[in-house]
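Engineer: model the following, please.
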Amino acid sequence: MARKFLYFVAFCIIAAIAGLFALNLFQDDLTRMAFVPDEEFVEQAALEPNAYEGFDLWYARPGKAGDDITRYQPQFEETGEGEGDPASSAQGRAAMGEEPDAGPASDELAAPRFAVFFVHPTSFIDRDKWNAPLGDEATESRSRLIIKAMASPFNRAAEIWAPKYRQATAGAFLTDEPEAQMALDSAYRDVEQAFDIFLEQADPSLPIVLAGHSQGGWHILQLLREKVAGTPVESRIAMVYPIGWPVSVTYDLPALPLPACDRPDQPACILTWSSFAEPADAGMIMKRYSATPGFTGEPRGDSPILCVNPITGIRGSAASAEENLGTLVPNESLTDGALVRAAVPARCDEDGLLLIGDPPDLGPGVLPGNNYHVYDIMLFWRNLQVDVERRLRAREGSAGTAAGA
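Structural biologist: Predicted coordinates:
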C-alpha cells in the first residue's frame, strides 16, 4: 500500500491551521465564523478509571497488535554521492558533537534504553464541538498519519506510548473566549489519565522522554508541571521535547522543573523550536502568545520564546545546512518520504524564532508569514533522532560516573 502520510500530514494540518491563519489575514470575524465553535461548552464525562489500561485508547504502546506507526524509519535519498547515513561521515559526526575518530556512529551503537510518552498535535477541525469525540474516524486517521511522521524520530526507544485523547478543536486556539481554555483543560485530563497508566505499566527501570508537538507540546509541559515536578518521577525524566509550542524564556521557563538545553550532551533539559523561513513574519502567532499568561501567571507580552537549535542541540545557536543530517520530505509522486541531507540551515534569532533561510520546497503545508510549523519535526528528523540518543548516552555516562565515585 502506498505510503502517502507526508502528503496527508500537510493536508490535515493545513486544514486545521493554515486555513485559520490565512483567513485571519483578512477578517477575524470570518475566521471565528469558520472555525471557532458557536456551541456552548459541554463538559466531557470523565473516562472510566481503567480506560487506558487496555489497548483501545492508544495509537501506540507496548504489546499493541498491528503496525506500529511510531517505528517508521525513512531511508536516505539516493544521490550517488556518499550514500548512507551522514552520521557515519566525519562531517556528520562533528555535527553530533563527536571527534572524527571518536568511535562508531550512532547507528552502529546499541540504542540506549528509554521510554517515550508522545502526545500528538491537533487533528480535530470541526466547529460543532469544543473537543473531539473518541472514535471519530476522520480525526483518528489524521492523527495516525501525523504520529507516523512526528513520533518516528524516537523509533529506537525501548517503549513508545502515544495516547488517543479528546483534543481541543483547532478553533480553540483562535479565540480568547473562556471555552477555549476549558476545552484545552478538558483534553489535558485525558492525557493526564493516560500518563498515570503509562507510569503504572511502563518498565520502571527506563528513563522517560516526554515529547509532543503544538497542542501536544502544551500537554507535555502541563504534565511536567503537575505530574512530574517534585515527585520521584522527576529523576527519571531524561528529556522534554514540547516542539512547536512557544515557551516564554521569562514567564514560562522559571516555573518549569527543568532548564533549557544549553549543550548537545546535556540530558534532563527542555528542547523546543518554532521554524520560520525568511523573511519571517510571526505576527499572527505572537499576537495570541503575547496576550496569554505564562506559567508564572504573568502575561508573556513580547518576551522571547525558547529556541534550542535542533541541529546543534544548543540554545540560541546557528548551524549551516551541511550540518543538517536529514530532512524528511515527500517524493514527487507523494507515495513515500525520504531523508535528504543538508536541506536547510537553522539559526535562532533574538526573538526566539528558528530561521531556516530561503523557503525550501517541502510541499503545501507552509503557513502565512513563512511559518513552517507543520514541518517543525520533519525539517530536522534525523538530527532529532540523533539528539535524543546522544543525550540518553550522556545521562547513562553521568549515572555510571556517579555510581563509581
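Engineer: and stretch 357-374, what's buried?
Structural biologist: Using 16 or more other Cβ atoms under 10 Å as the burial criterion, the residues of stretch 357-374 that qualify are 360, 362-363, 365-374. The way it works is simple: take the backbone N, C-alpha and C, and place the C-beta from them, glycine included.
Engineer: can you tell me which of those residues is nearest residue 130?
Structural biologist: Here the nearest of the buried residues of stretch 357-374 to residue 130, counting by Cβ to Cβ, is residue 373; it sits at 22.0 Å.
Engineer: okay, helices next: where are they in the stretch 251-400 of the chain?
Structural biologist: For the stretch 251-400 of the chain, the helices defined by DSSP state H, counting those that start in this stretch cover 283-291, 381-404.
Engineer: so which of the ones you listed gets nearest residue 168?
Structural biologist: Between residue 168 and those, the tightest spacing by Cβ to Cβ is seen for helix 283-291, at 13.9 Å.
Engineer: just the CA atoms of the closest one, as PDB, please.
Structural biologist: This file holds the C-alpha atoms of helix 283-291, laid out as PDB (Å, rounded to 0.1, in the frame of the first residue of the first chain):
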ATOM      1  CA  GLY A 283       2.900  38.500  14.000                       C
ATOM      2  CA  MET A 284      -0.100  36.300  14.000                       C
ATOM      3  CA  ILE A 285       1.100  33.700  16.400                       C
ATOM      4  CA  MET A 286       2.900  36.200  18.600                       C
ATOM      5  CA  LYS A 287      -0.300  38.200  19.000                       C
ATOM      6  CA  ARG A 288      -2.000  35.300  20.700                       C
ATOM      7  CA  TYR A 289       1.100  34.300  22.600                       C
ATOM      8  CA  SER A 290       1.600  37.900  24.000                       C
ATOM      9  CA  ALA A 291      -2.000  38.000  25.300                       C
END
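Engineer: how near is the closest residue to residue 320 other than its chain neighbours to residue 134?
Structural biologist: Distance criterion Cβ to Cβ, 6 or more residues apart in numbering; nearest residue to residue 320, sequence neighbours excluded, is residue 345 at 5.2 Å. Per Cβ to Cβ, to the nearest Å, residue 345 is found 41 Å from residue 134.
Engineer: picking that back up, ok, and which of the helices of the stretch 251-400 of the chain has the densest surroundings?
Structural biologist: helix 381-404 (a mean of 18; mean count of other Cβ atoms under 10 Å).
Engineer: show me what that one is packed up against.
Structural biologist: In this structure, helix 381-404 packs against strand 237-243, strand 327-330, with contacts taken as 3 or more Cβ pairs under 8 Å, 6 or more residues apart in numbering; DSSP states H and E.
Engineer: one step back: the residue nearest to residue 320: neighbour count?
Structural biologist: Residue 345: 18 surrounding residues under other Cβ atoms under 10 Å.
Engineer: contacting residues around it?
Structural biologist: Neighbouring residues of residue 345 by Cβ atoms under 8 Å, 6 or more residues apart in numbering: 311, 318, 319, 320, 321, 323, 324, 356, 357.
Engineer: how about 7 Å then?
Structural biologist: 319, 320, 321, 356, 357 (Cβ atoms under 7 Å, 6 or more residues apart in numbering).
Engineer: touching, residue 375 and residue 363? I think so.
Structural biologist: No: proximity of residue 375 to residue 363 does not meet the contact threshold set by Cβ atoms under 7 Å, at 8.2 Å.
Engineer: circling back: just the buried members of the contacts of residue 345?
Structural biologist: Members of the contacts of residue 345 classed as buried by 16+ other Cβ under 10 Å are 319, 321, 356.
Engineer: please narrow those residues to those residing in strands.
Structural biologist: Secondary structure from DSSP state E places residue 319 of the buried ones among the contacts of residue 345 in strands.
Engineer: for the buried ones among the contacts of residue 345, give me a markdown table that also has distance to residue 172 and pLDDT.
Structural biologist: Converted to a markdown table, those look like this (distance: Cβ to Cβ, whole Å; pLDDT from 0 to 100):
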| residue | distance to residue 172 | pLDDT |
| --- | --- | --- |
| 319 | 35 | 98 |
| 321 | 36 | 98 |
| 356 | 28 | 98 |
